[in-house]
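Visitor: My questions concern the predicted model and sequence given below.
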Amino acid sequence: MSTTTTLIVAVFSMFMPKDISDCEAAYQNATSGYQHLKKSMQANNLDHIKLYADRAISAIEKADSALKNCGCTAAEDASYTTLDHLSKALEKETFERSRYHASKAKVSAQLIITSLDVCGENGLLSTIDEEEETLLSQEEALLAQQKRLLEEQKKLEEQIRKQKELQQRLASEKKEKLAQQLAIKSEAEASLSELKTAISNVTKSLECSTVDYSDLSPFTRSEEALEAETVQATRLFYAQRTEEMVQRLLETLEKCE
């Protein structure tokens, strides 16, 4: 090939369009990466953010490779920035820092797509603005939902705290009640036992029949029985047993000759 022919070919190649398939591949992969980053913004834990960031890296790397033959400098710069932020998102060990870099990567991934549209290699119209508005609305809704959940959690924790306080107070009151009933039981049963002995001595000294208590209820109580009743009921029980014993004595004395 002559020098003139070579020069003509070189000049002509300067005005030939770049490889359209490379630009389309870059656009498609950048869009794929952007979609993964959108999902990463909806993640609520570090593992999920890194999962989508890793998928985004794979797509953006393919886009970056295709961009080398596309001729859209702005898109190439945005691709470099996107990969840098994605790398940092995977390195960070906290949810907030990883999400911050994933968010930055999403913005620069959007710029790749916008730049390719401006370069005009594929003729496609970006719907990023509309999608971004939708995403912002979703993020706002998610934040509002998280706020409601936190408020509900605080209310639930407050209810649990009050329930625990109530349980502790009831347990303390129950313990105090039982202690009071046990004191009544101890004193009353000892007194009734002494009364029974005294009645027996009286009837013997008067040469009367022995008082029959066989059909009367026992005057001893179990701790379980005390727990199932009030303090007033405990007092009433021992008062009734005392009255029954005295009444039985009076009946015996009336028959005594």
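Guide: On my side now, so go ahead.

Visitor: What is the neighbour count of Leu182?
Guide: Using other C-beta atoms under 10 Å, Leu182 has 14 neighbouring residues. Yep, even glycine has a C-beta here, placed from its N, CA and C like the rest.

Visitor: Please, which helix or strand holds it?
Guide: Following DSSP states H and E, one finds Leu182 within helix 128-205.

Visitor: what's that helix packed up against?
Guide: Secondary-structure packing of helix 128-205 (3 or more C-beta pairs under 8 Å, 6 or more residues apart in numbering; DSSP states H and E): helix 20-42, helix 95-119, helix 223-227, helix 231-255.

Visitor: Now render those as JSON lines, adding distance to Leu86, mean pLDDT and mean neighbour count.
Guide: As requested, the helices and strands packed on helix 128-205 are exported to JSON lines (distance: least, C-beta to C-beta, whole Å; pLDDT from 0 to 100; neighbours: other C-beta atoms under 10 Å):
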{"stretch": "helix 20-42", "distance to Leu86": "8", "mean pLDDT": "86", "mean neighbour count": "21"}
{"stretch": "helix 95-119", "distance to Leu86": "5", "mean pLDDT": "87", "mean neighbour count": "20"}
{"stretch": "helix 223-227", "distance to Leu86": "67", "mean pLDDT": "89", "mean neighbour count": "13"}
{"stretch": "helix 231-255", "distance to Leu86": "72", "mean pLDDT": "88", "mean neighbour count": "14"}
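
Visitor: Find me the pLDDT at the nearest residue to Glu93 once chain neighbours are set aside, would you?
Guide: Nearest residue to Glu93, sequence neighbours excluded (C-beta to C-beta, 6 or more residues apart in numbering): Leu46, at 7.6 Å. We have a pLDDT of 86 for Leu46.

Visitor: surely Leu46 meets Phe95?
Guide: Yes: if you go by C-beta atoms under 8 Å, Leu46 and Phe95 touch, sitting 4.6 Å apart.

Visitor: What is the burial count for the residue nearest to Glu93?
Guide: 17.

Visitor: distance of Ser21 from Gln35?
Guide: Distance of Ser21 to Gln35, computed by C-beta to C-beta, to the nearest Å: 21 Å.

Visitor: Return the residues in contact with the residue nearest the centre of the chain.
Guide: Nearest to the geometric centre of the chain sits Gln153, at 7.2 Å (C-alpha atoms, centre = their mean). Listed by C-beta atoms under 8 Å, 6 or more residues apart in numbering, the contact set of Gln153 is empty.

Visitor: Low-confidence ranges, the stretch 151-257 of the chain, go.
Guide: Scanning the stretch 151-257 of the chain for pLDDT under 70 picks out 257.

Visitor: SS state for the closest residue to Arg99 other than its chain neighbours?
Guide: Using C-beta to C-beta, 6+ apart and skipping residues adjacent in sequence, the residue nearest Arg99 is Ile49, 5.6 Å away. Assigned with DSSP: H, G, I helix; E, B strand; the rest coil, Ile49 falls in the helix class.

Visitor: got a markdown table for the helices and strands packed on helix 128-205, with distance to Ile199 too?
Guide: Output for the helices and strands packed on helix 128-205, formatted as a markdown table (distance: least, C-beta to C-beta, whole Å):
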| stretch | distance to Ile199 |
| --- | --- |
| helix 20-42 | 86 |
| helix 95-119 | 82 |
| helix 223-227 | 25 |
| helix 231-255 | 5 |
